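When you get a sec, could you give me coordinates for this:
(4 chains)
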Protein chains: 2
Amino acid sequence: MDFRLKDPSYSDELSLRQQVFNYILEAVLSGRFKPGEPLTELKLAEELGVSRTPVREALRQLEYEGLASSIPNKGVIVNGISETDIEEIYAIRALVEGLAVKWAAERITDKQRSDLEETFELMSFYTRKKDYQQLGKYDARFHNLLFDSCQSKVLRHILRMLMRYVEHARIGSFRVSERAEQALEEHRAILEAVLEGSADKARDLMTMHINNALVNLMEQRKAGEKKDQA
Amino acid sequence: MDFRLKDPSYSDELSLRQQVFNYILEAVLSGRFKPGEPLTELKLAEELGVSRTPVREALRQLEYEGLASSIPNKGVIVNGISETDIEEIYAIRALVEGLAVKWAAERITDKQRSDLEETFELMSFYTRKKDYQQLGKYDARFHNLLFDSCQSKVLRHILRMLMRYVEHARIGSFRVSERAEQALEEHRAILEAVLEGSADKARDLMTMHINNALVNLMEQRKAGEKKDQA
DNA sequence: TACTGTATTATTGTATACAATTATACCATA
DNA sequence: TATGGTATAATTGTATACAATAATACAGTA
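So this is what the prediction gives:
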């Protein structure tokens, strides 16, 4: 557990600050650092074998991304995410990602077209194989390619933030279900609309896709709670 | 020009980091630090009479808010904003602020109702007096109250970021025009819809309001360009 | 002159030191 | 026992010191 960041296996190109951030982010998203838990600079610094400086900067970034709150002279604590928060995030996503694919349909480049198609083929492959880990990886890649295709710095910035929230709410699990196949079909429809340049159609399909994902997520959470009680 | 931050007139409650950020932000928004200009930590630190540490953190925040870009080991430079960026920001605002007032109409508290009404009265007053400086102040307050009224952390976070972009594009000037009166009527309509709980109506009115603001802004910019050439 | 390599400088990245603030523990006292 | 106050410790906020990297200038050579 006490691995050092300088270990070359942890990608040596990134700055220490970036590596520290990734480490803390992973811990928060995976639930190892729980909501309400205080993150003290010194403890993290010692845990990672670095000084307070990069830790401090990483914590600030965490704060800006909305995953933690800092109280002056007291420290930063991990934010919790309520059911309401999740519903709100999905409502916002439905709008903003809808706009994103609309613009993507209008502005996508040839390179991005083929990248998207290739990624979709891999998603299709791993869905058939029921390899949900790999599927999750390419699902994220698919969405990111879509965001890049709309050629908008502002939109990418906002979407990146939203996706962090989504990960925080532990959405990853949704893929481990029979919805994977339905989701694949929805992705296929969105991809086709984007590639043929049907902007409004792509937007509506994306909105529906996200709404469906929310419904599914909520059902799973309910099921999960029941299981916990049993 | 070389005022020190510790000057009590500059609000003494805030942390140094916060004060430095406000200083740099003001300089960027006002155009004193121009797009493409590199912001070096030491220079700013000396200019303000503080150490590099708070300056550094302020620059990072500027980066997260999208107003500057940092290149590893090279420094951070002020971001430019193109005409396309502005159009995109307004398109996103139309969606997100639309959602915000929709939720505000559904969730506003009594306190917020009276605050909004009071603020609107002041806007009305200063519009009649053609005091566009005060008007701008209460216009910002009006929008912020609206954002608070939707009781959503996520939405507030996103809107705050968007409004920074908008300020960056020097939108403040739009108020100095005959549109002020039209804008007041639009605000009145939005306020009424929110207060009577007509969520969808409020959303549509806000969307229109923002679209109108964009059209007006673009016309002004064109006029400004012509004047520059003359 | 054009070009390349090296020394110098400037700037960021990281670590440490110090100051200020807040939380905690402990003891005295009613 | 409960309460209040002071000393101590823990933690953040800021400043400075050091290391690493990238830009610049300049001299030497073809």
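
and A:Q182, how many residues sit next to it?
A:Q182: 14 surrounding residues under other CB atoms under 10 Å in any protein chain shown. Any C-beta I mention is one placed from the backbone N, CA and C, and that applies to glycine too.

Give the closest residue to it in space, chain neighbours not counted.
A:N212 (7.3 Å; CB to CB, 6 or more residues apart in numbering or on different chains).

Which pLDDT value does the model give the one you found?
As predicted, A:N212 sits at a pLDDT of 92.

in a helix, that's where it is, yeah?
Yes - looking at A:N212 with DSSP: H, G, I helix; E, B strand; the rest coil, it is inside a helix.

list the contacts for it?
Shown in contact with A:N212 (CB atoms under 8 Å, 6 or more residues apart in numbering or on different chains): A:179, A:182-183, A:186.

Return the members of the residues you listed classed as buried.
Buried subset of the contacts of A:N212 (neighbour count, 16 or more other CB atoms under 10 Å in any protein chain shown): A:179, A:183, A:186.

Next step: the residues you listed restricted to helices.
Those of the buried ones among the contacts of A:N212 mapping onto helices are A:179, A:183, A:186, per DSSP state H.

For those, give me JSON lines that also has pLDDT.
As requested, those are exported to JSON lines (pLDDT from 0 to 100):
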{"residue": "A:R179", "pLDDT": "83"}
{"residue": "A:A183", "pLDDT": "91"}
{"residue": "A:E186", "pLDDT": "96"}
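
Between those, which sits nearest chain B?
If you rank those by distance to chain B using CB to the nearest CB, A:E186 comes first, at 21.1 Å.

thinking that closest one is in contact with A:M208, fair?
Yes - taking CB atoms under 8 Å as the definition, A:E186 is a contact partner of A:M208 at 7.3 Å.

In contact with the closest residue to DNA strand D within chain A: list those residues for me.
Checking chain A residue by residue against DNA strand D with CB to the nearest atom of the strand singles out A:G75 as nearest, at 3.2 Å. Counting by CB under 8 Å, 6+ apart, A:G75 touches A:38-41.

Show me just the buried residues among those.
Buried members of the contacts of A:G75, scored by 16+ other CB under 10 Å, are A:39, A:41.

Roughly how far does the residue nearest to A:I108 when sequence neighbours are not counted sit from A:A193?
Excluding the flanking residues, the one nearest A:I108 by CB to CB, 6+ apart is A:S149, at 4.2 Å. According to CB to CB, to the nearest Å, A:S149 and A:A193 sit 12 Å apart.

any chance of the contacts of A:N212 in TSV, with distance to DNA strand C too?
Below are those laid out as TSV (distance: CB to the nearest atom of the strand, whole Å):
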residue	distance to DNA strand C
A:R179	41
A:Q182	44
A:A183	39
A:E186	41
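
which one of those residues sits closest to A:S15?
Of all these, A:A183 has the smallest distance to A:S15: 35.6 Å, by CB to CB.

What are the buried residues along stretch A:117-125?
A:119-120, A:122-123.

Same question for stretch A:74-85.
Those would be A:76-79, A:81, A:85, for stretch A:74-85 by 16+ other CB under 10 Å.

just those residues: which has the poorest pLDDT?
Within the buried residues of stretch A:74-85, lowest confidence goes to A:I81 (85).

Got phi/psi on A:V96?
phi -70, psi -40 (degrees, to the nearest 10).

For chain A, what lies in contact range of DNA strand C?
A:15-17, A:50-54, A:73-74 (CB under 7 Å from any atom of the strand).

quick one: contacts of stretch A:77-86?
With CB under 8 Å, 6+ apart as the criterion, stretch A:77-86 contacts A:28, A:33-39, A:66-69, A:71, A:165, A:168-169, A:214, A:217-218, A:221, B:153-154.

swap in stretch A:94-106?
For stretch A:94-106, contacts defined as CB under 8 Å, 6+ apart pick out A:143, A:146-147, A:149-152, A:155, A:158-159, A:162, A:190, A:193-194, A:197-200, A:202-207, A:210-211, B:91-92, B:95-96, B:99.

Buried subset of those, written for PyMOL?
In PyMOL syntax, the buried subset of these is picked out as below (16+ other CB under 10 Å):
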select buried, (chain A and resi 143+146+147+149+150+151+152+155+158+159+162+190+193+194+198+199+202+203+204+205+206+207+210) or (chain B and resi 91+92+95+96+99)
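
Sort out which of the contacts of stretch A:94-106 are in strands and list them.
Under the assignment DSSP state E, the contacts of stretch A:94-106 contribute nothing to strands.

Nearest spatial neighbour of the spatially most central residue of chain A, chain-adjacent residues omitted?
Centroid-nearest residue in chain A: A:M163, 3.7 Å away (criterion: CA atoms, centre = their mean). Computed as CB to CB, 6+ apart, the closest residue to A:M163 that is not its neighbour in sequence is A:H143, at 7.5 Å.

pretty sure that neighbour is touching A:L162, no?
No - applying CB under 8 Å as the test, A:H143 and A:L162 come out as separate, 10.7 Å apart.

which element is A:F33 on?
Using DSSP states H and E, no element contains A:F33; it sits outside every helix and strand.

do the same with A:A105
In this structure, A:A105 sits in helix A:83-107 according to DSSP H and E.

who touches the helix or strand that that helix is followed by?
Per DSSP H and E, the first helix or strand lying C-terminal to helix A:83-107 is helix A:110-128. For helix A:110-128, the surrounding residues in contact (CB under 8 Å, 6+ apart) are A:108, A:132, A:134-135, A:138-139, A:141-142, A:145-146, A:148-149, A:180-181, A:184, A:187-188, A:191, A:194-195.
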